[in-house]
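Chemist: Following is a predicted model, sequence given first.
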Amino acid sequence: MPSTVVWSWVLAGGLISYLAVVAPLLGRRSYEKLEKGITPLSRGLALSIVELWALAAVALVVVGLSPSLDLAGVGIRPPEDPSLTYGIAVALPVAMVPLVLFMRWLVRNGGKVPGSDAYSALLPRTPRQRWLAAGVAVSAGVCEELIYRGLFIALGVALGLSPMAAAVVAVAVFMLGHLYQGMSGALLSLLAGIAFTGLYLRTGSLIAPIVVHVLVDLRSLVFTPLPQAQPARVES
């Protein structure tokens, strides 16, 4: 067996192990530091961007070393159904406008955005943090789709799994990688992963899941308003 093939599988195994086992543990610890204010939010967001692109670089190295994988095989290609992809790219941002307006109304009236407790420590408080959060959303959309949908499904198929079985394994690893957000966050990630995977399998391209993933994360990290501080009650 050529050495490049061995190295590709070693790197792939290491990437899967990191995302399924190490990342949830480190992520939980890092998130707790953000909650307690030990780690500044700007630094935490910047580190997330660096980590995401580093993992994506490893994924591309795996593809480059493996003779059975290429960029088209991991979804970096035009969609088989362009109308669906272009329709999503146009319709989803338009559909998000009333959703964002509703969330702002909900918070102004003392409510909470459903599911936001799972990632509240990641919500930006300053313009700089907002730009960094947008960077995290874009980075997660591109890098996580390349890894979880593109690479992991292709690896599963290379090991003899059907595309659907490989997709199930990839979604499971995706959920495990988000366990740092607690069970509610992991379940939300599971549902999102199923939707992204469905888009990938339907179109044969990463374009649609990347677009949807980025928009979902922008909604979560950038357009989710912070709960308004309640005025202190004056004792009579």
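Modeler: That came in fine, so what should we check first? Numbers count the residues shown, from 1 in each chain.
Chemist: For the spatially most central residue of the chain, what is the enclosing helix or strand?
Modeler: For the chain, Ala140 is the residue whose C-alpha lies nearest the centre (CA atoms, centre = their mean; 4.4 Å). Ala140 belongs to helix 127-144 when assigned by DSSP states H and E.
Chemist: neighbouring contacts of that helix?
Modeler: Contact with helix 127-144 is made by 41-42, 45-46, 48-49, 52-53, 55-56, 59, 122-124, 174, 210-211, 213-215, 217-218, 220-222, as judged by CB atoms under 8 Å, 6 or more residues apart in numbering. C-beta: built from backbone N, CA, C; applies to glycine.
Chemist: Which members of those residues are positioned in helices?
Modeler: The helices, defined by DSSP state H, take in 41-42, 45-46, 48-49, 52-53, 55-56, 59, 174, 210-211, 213-215, 217-218, 220-221 from the contacts of helix 127-144.
Chemist: Filter those residues down to just the buried residues.
Modeler: For the ones in helices among the contacts of helix 127-144, a burial check counting by 16 or more other CB atoms under 10 Å picks out 41-42, 45, 48-49, 52, 55-56, 59, 174, 210-211, 213-215, 217-218, 220-221.
Chemist: tell me the contacts of Val58?
Modeler: 11, 14-15.
Chemist: May I see the buried residues of the lowest-mean-pLDDT helix or strand in the chain?
Modeler: Least confident helix or strand of the chain, by mean pLDDT, DSSP states H and E, is helix 82-108 with a mean of 87. Residues 85, 88, 92, 103, 107 are the ones in helix 82-108 that count as buried (16+ other CB under 10 Å).
Chemist: Equivalent analysis for stretch 149-163, please.
Modeler: 149-158.
Chemist: can you list these in a markdown table and add distance to Arg128, secondary structure and pLDDT?
Modeler: Formatted as a markdown table, the buried residues of stretch 149-163 follow (distance: CB to CB, whole Å; DSSP: H, G, I helix; E, B strand; the rest coil; pLDDT from 0 to 100):
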| residue | distance to Arg128 | secondary structure | pLDDT |
| --- | --- | --- | --- |
| Arg149 | 31 | helix | 96 |
| Gly150 | 31 | helix | 96 |
| Leu151 | 32 | helix | 97 |
| Phe152 | 34 | helix | 96 |
| Ile153 | 36 | helix | 96 |
| Ala154 | 37 | helix | 96 |
| Leu155 | 38 | helix | 95 |
| Gly156 | 40 | helix | 94 |
| Val157 | 42 | helix | 94 |
| Ala158 | 43 | helix | 92 |
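Chemist: Can you pull out the low-pLDDT segments for this protein?
Modeler: By pLDDT under 70, the weakly predicted segments of the chain are 1-2, 227-236.
Chemist: Compute the first-to-last residue distance for stretch 64-76.
Modeler: 13 Å (CA to CA, to the nearest Å).
Chemist: what does it rub up against?
Modeler: Applying CB under 8 Å, 6+ apart, the contact partners of stretch 64-76 are 2, 4-5, 7-9, 11, 59, 62-63, 77, 145-146, 149-151, 154-155, 158, 200, 204-206.
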